[in-house]
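Asker: Give me coordinates for this.
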Amino acid sequence: MNNSDIDQRRLRAGILGGGRGAFIGAVHRIAAELDGQAQVVAGALSSDPENARASAAAWFLERSYASYAQMAQAESAREDGIDFVMVATPNHLHWPVAKAFLEAGIHVICDKPMTLTVEEAESLVKLAAGSRTLFALTHNYTGYPAVRQARALVRDGQIGTLRKVLVEYNQDWLMEPLEHSGQKQATWRADPARGGISCCVADIGTHAENLLEYITGRPIESLCADLSTFVEGRKLDDDANILIRLQGGGKGTVVCSQVACGEENALAIRVYGSKGGLEWHQQEPNTLIFKPAGAQPWQLLRCGRNLSAPEATAATRTPAGHPEGYLEAFAVIYKDFIADVRRLARGEAPMRNYPSAADGLRGLKFIARCVESSAQGSIWLKH
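Answerer: Sure, this is the predicted structure:
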């Protein structure tokens, strides 16, 4: 692959998985292309050959491959090969796909959870650390401008000493046993062979965990989890309630459910300190509520109007009153990642302003500790 002209062209991207019938593949493609910095040109979009061909044709891809191994080998040998690949497969394929492309010298941006097991995640961290290729994880909620403003307020001491954090992520889409009806998104998530040891915690609980640690800057030190499976016949959890203690002080809860009737995508976080509190809701993404101590009035910090942190304004795309939404937040991760691909090609140090393999490993350990704690009667475990 020739990178000598990298500042004079759009980056060439490839995608693994995400073909017809998948939700997340189109999200990755839109996010990668939103800022005009990259174009998806190649892919292995499905394990089913006909679906792979049809999906590639629908996206007008230049090159379609039958397997990720074939794609990694072929693209790394081309002068006009892809600069990075997007991994949008079911969880069990994240590790072998990421490994194949990192070893081929192609940068990787991967959906979460990063791998199927903690052992795979540890191997991927070592591989990424010892490689000249970049690895990023799409914990996309860290791309919202208001979330970046919240992180800056905590970092700059505006809420004082951290005391309590409450984060919840509730949905209702798995209230019925959709995995038995052949619904694609439910089928692999509820299958231990493809989804891993958890469904709810792995799918959305890791987003809650990552958001909490991103905003507070405090890793979870220990936890006590109670996982439930409410839908009869389901093999994995569909609900979880988790107590947490943070390094350096502070306590809180992580609550996640995929059987919370009436909830769509209700991710929310509340952070409380000795001088103030913060509140953010993903379904009202433009507003961060800052609650100073005493008689001071609450402040509504709004995208495009009064977000002041440089990292928040840099992530803002639209004028005040226009929602900074899910796709835009995803695209912020891609924008930062693509900028680093260009920096590295120029011989400069990457900024790495996006979730990393180390964050992915923390997510896998979080899943494992939650499952272990719940299985042992909801005991406290070190994270």
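Asker: what separates the spatially closest residue to residue 383 that is not a sequence neighbour from residue 213, distance-wise?
Answerer: What sits nearest to residue 383 in space, not counting adjacent residues and going by CB to CB, 6 or more residues apart in numbering, is residue 220, at 4.6 Å. C-beta here means a position set from N, CA and C on the backbone, and glycine is covered the same way. Going from residue 220 to residue 213 by CB to CB, to the nearest Å gives 7 Å.
Asker: gap between the residue nearest to residue 383 and residue 9?
Answerer: For residue 220, the distance to residue 9 - CB to CB - is 42 Å.
Asker: So which of the two has more stuff around it?
Answerer: Taking other CB atoms under 10 Å, residue 220 and residue 9 do not tie; residue 220 has more neighbours (24 against 12).
Asker: Can you read off the pLDDT for the more buried one?
Answerer: Per-residue pLDDT puts residue 220 at 98.
Asker: now do the one 10 residues further on
Answerer: For residue 230, the model assigns a pLDDT of 98.
Asker: Buried residues in the worst-scoring helix or strand of the chain on mean pLDDT, which are they?
Answerer: In the chain, no helix or strand scores lower on mean pLDDT, DSSP states H and E than helix 49-58, which sits at a mean of 89. With burial defined by 16 or more other CB atoms under 10 Å, the residues of helix 49-58 counted as buried are 52, 54-56.
Asker: which residues sit against it?
Answerer: 18-21, 25, 43-46, 63-66 (CB atoms under 8 Å, 6 or more residues apart in numbering).
Asker: In contact with residue 249, which residues?
Answerer: 161-163, 218.
Asker: hang on, isn't residue 224 packed against residue 240?
Answerer: No - at 11.2 Å, residue 224 and residue 240 do not qualify as touching, with contact defined as CB atoms under 8 Å.
Asker: Out of the two, name the residue with the larger neighbour count.
Answerer: Neighbour count, other CB under 10 Å: between residue 224 and residue 240, residue 240 has more, with 25 against 19.
Asker: Assign a three-state SS to that one, would you?
Answerer: strand (DSSP: H, G, I helix; E, B strand; the rest coil).
Asker: Not counting sequence-adjacent ones, nearest residue to residue 304?
Answerer: Using CB to CB, 6+ apart, the closest residue to residue 304 is residue 320 (3.5 Å).
Asker: how much distance is there from stretch 290-303 to the middle of the chain?
Answerer: Chain-centre distance of stretch 290-303: 29 Å, with CA atoms, centre = their mean, to the nearest Å.
Asker: got a list of what the residue nearest to residue 383 touches?
Answerer: So residue 220 contacts 209, 212-213, 244-247, 366, 383 (CB under 8 Å, 6+ apart).
Asker: Out of those residues, list just those in strands.
Answerer: 244-246 (DSSP state E).
Asker: and residue 252, helix, strand or coil?
Answerer: Residue 252 ends up strand, using three-state DSSP.
Asker: Let me know the helix or strand that the closest residue to it other than its chain neighbours is in.
Answerer: Using CB to CB, 6+ apart and skipping residues adjacent in sequence, the residue nearest residue 252 is residue 165, 3.6 Å away. Following DSSP states H and E, one finds residue 165 within strand 162-170.
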